[in-house]
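> Below are the sequence and a predicted model for it; my questions follow.
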Amino acid sequence: MIGSPDVIVIGSGVVGAMCAMQLAESGLAVTVVEEGFGGGGSTGAAMGHIVVMDDSAAQRDLAAHSRARWGEILPTLPVDPSYDQCGTMWLAADDEELAIAGARAAAYTAAGVGAEVIDAHSLAALEPALRPGLAGALLVPGDGVCYPPAAARGLLMRAQAAGATLLQGTAASITTGRVVMADGSKLHAGAIVIAAGIGSNRLIPALPIVPRKGHLIITNRRPGMVRHQLVELGYLASAHGMGAASVAFNVQPRPGGQLLVGSSRELVGFDASINRELCGRMLTRAISMLPDLAAAAVWRTWTGFRPATPDSLPLIGKWLPVDGVWIAAGHEGLGITMAPGTADMIVASIMGTPAPLDIAPFDPCRAMPAHEAFA
C-alpha cells in the first residue's frame, strides 16, 4: 500500500484536475493518479472553447453554470490560461436558419444566458472576412476560449497547493475502496473518482463511452481576420449525430493571431492517424465561409479523441455497481466547458452537500439509447 487518502482521482485532464482542486480545497486528502502528464490526452487536443451549448436543457444548464464558474476560477490560476472572452457567433446561412437562431436566442434569454440575433448588415460589420450572403447570426457574447493544457496545469497546481498528491502511474483495476496500479502497488481511499476520459471504461468496461476522433488545424498568424469564435448553425447536427464521418465549420481566433480551424468527427476506434481527405473537407468548408483563409498557411494538424456517450450527455455521479466509486467522464467536446460544474456535483455528492444543479440527467447508470457504436 502506498497511501490512504480520502479520495483518489484517476485522470488529470481538465475534468480530473478540476475535481482534484475542488476536493482538496474542500479539505479532503486527495491523490491524483495520472499515467501521462496533466492536461494531456483529450484535454491537450481540444479547441478550448467555454461555450453554452443548448442541445438539451440539461446540457445548457450545466454549460451555463460552468461558464460562470470559469469566470471565477480562471483569474486565480497560477499560470496564464490564455483566456479570451471573444464570444460565439452561430452563423445562419439563410432565413430558415435565422429563424432557428431566433428561437435559440429566446431559449437562451429565458435561461438567463445573454444572446441576441444580429442581421446580415451587423454580421458583416463585426466579421468582415465572412463571405457575403449570410442571413445573420446568433451572438452569445459571454462565451470564450482558453488554452486547455495551461488551464489543466493551473488547476493541478492549485490542487497541490491545497495538499493534493500527484502520483505518476497507471491504474490497472478498481474495487470498493482500492485502486491496484499496473506495478502491483495499491492505493486505498473512501472515494474513487474516475475522470480518465476515453480511458474510463478501461477501468469500468460497462461505461457507455467510445472514442470519437476529431481533427484540428492551426494556421499561421492572421491578426484581426476573425474576432469571434465562428460556428455554423449546422454544427450541432454534426456534433451530436453518431453516423458517418462529418465536418462542420468552426474557427477560433487565438491570442497570438493564429486561427484554429475545426472540426471533424469519426468513429474509428483509437486510430490517431491524420485523415487527409477529411482535413481537406474541413478546409474547403472553412474557406467557403472565410474566403481569405485560402491565403493562410497550415502550421500544424493533429487529432484527438472525444469521450462520447449515446445521448451526448456526460456521466457524472455515483457508479452504483461498485460502492465508493464516482464517474466524471463522457463529456465529448464539452469537457473544457463543463469541468467546473462537473466538479461541483462530484464534490457535493461525495460530501453529502446540496448540489448546484440537478445531477439526475447525468447519472452514469441511466438508461441510454441503443447505438451500434456502443455495443
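Noted; the coordinates are in hand.

> Quick check: bridge partners of the nearest residue to residue 268 once chain neighbours are set aside?
Distance criterion Cβ to Cβ, 6 or more residues apart in numbering; nearest residue to residue 268, sequence neighbours excluded, is residue 213 at 5.4 Å. Yep, even glycine has a C-beta here, placed from its N, CA and C like the rest. Beta-bridge partners recorded for residue 213 (DSSP bridges): residue 266, residue 305.

> surely residue 213 meets residue 278?
No. The criterion here is Cβ atoms under 8 Å, and residue 213 misses it with residue 278 at 9.3 Å.

> Which one of these two is surrounded by more residues?
Comparing residue 213 with residue 278 by neighbour count (other Cβ atoms under 10 Å), the higher total belongs to residue 213, at 23 against 19.

> Who are the contact partners of the more buried one?
Shown in contact with residue 213 (Cβ atoms under 8 Å, 6 or more residues apart in numbering): 264, 265, 266, 267, 268, 271, 272, 303, 304, 305, 306.

> just residue 40 next, same as before
Per Cβ under 8 Å, 6+ apart, neighbours of residue 40: 13, 149.

> pretty sure residue 334 contacts residue 56?
No. Taking contacts as Cβ under 8 Å, residue 334 lies outside contact range of residue 56: 11.7 Å.

> Could you find the closest non-adjacent residue to residue 114?
residue 142 (5.5 Å).

> How about residue 339?
Nearest to residue 339 is residue 18, by Cβ to Cβ, 6+ apart, at 4.1 Å.

> low-confidence ranges in the stretch 201-350 of the chain?
Scanning the stretch 201-350 of the chain for pLDDT under 70 picks out 235-244.

> sorry, back to before: what separation is there between the residue nearest to residue 114 and residue 106?
17 Å (Cβ to Cβ, to the nearest Å).

> again, but for residue 281
Taking Cβ to Cβ as the measure, residue 281 falls 33 Å from residue 106.

> With residue 277 instead?
39 Å.

> between those two, who's got more neighbours?
Shown here are residue 277 and residue 106; by other Cβ under 10 Å, residue 106 has more neighbours (12 against 9).

> Let's see the pLDDT reported for that one.
pLDDT, residue 106: 97.

> And what about it, helix, strand or coil?
Here residue 106 is helix, with the state taken from DSSP: H, G, I helix; E, B strand; the rest coil.

> now the contacts of residue 213: which count as buried?
264, 265, 266, 267, 303, 304, 305, 306 (16 or more other Cβ atoms under 10 Å).

> residue contacts, the last one?
It stands for residue 306. By Cβ under 8 Å, 6+ apart, residue 306 lies in contact with 42, 198, 211, 212, 213, 214, 265, 331, 332, 333, 335.

> residue contacts, the second one?
Taking Cβ under 8 Å, 6+ apart as the criterion, residue 198 is in contact with 41, 42, 209, 210, 211, 270, 305, 306, 307.

> Check what pLDDT residue 36 gets.
86.

> Run through the bridge partners of residue 138.
With DSSP bridges as the rule, residue 138 is bridged to residue 90, residue 117.

> Which stretches in the stretch 251-375 of the chain count as strands?
All strands of the stretch 251-375 of the chain, identified by DSSP state E, counting those that start in this stretch, fall at 259-265, 298-308, 315-318, 325-329.

> Among those strands, single out whichever gets nearest to residue 99.
strand 259-265 (24.6 Å; Cβ to Cβ).

> List the buried residues of that closest one.
Neighbour-count burial for strand 259-265 [16+ other Cβ under 10 Å]: 259, 260, 261, 262, 263, 264, 265.

> One more: stretch 88-96?
Buried residues in stretch 88-96 (16+ other Cβ under 10 Å): 88, 89, 90, 91, 92, 93.

> Could I get these in JSON lines, plus columns for pLDDT and distance to residue 128?
Compiled in JSON lines, those are given as follows (pLDDT from 0 to 100; distance: Cβ to Cβ, whole Å):
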{"residue": "88", "pLDDT": "98", "distance to residue 128": "18"}
{"residue": "89", "pLDDT": "98", "distance to residue 128": "13"}
{"residue": "90", "pLDDT": "97", "distance to residue 128": "18"}
{"residue": "91", "pLDDT": "98", "distance to residue 128": "14"}
{"residue": "92", "pLDDT": "97", "distance to residue 128": "17"}
{"residue": "93", "pLDDT": "95", "distance to residue 128": "18"}
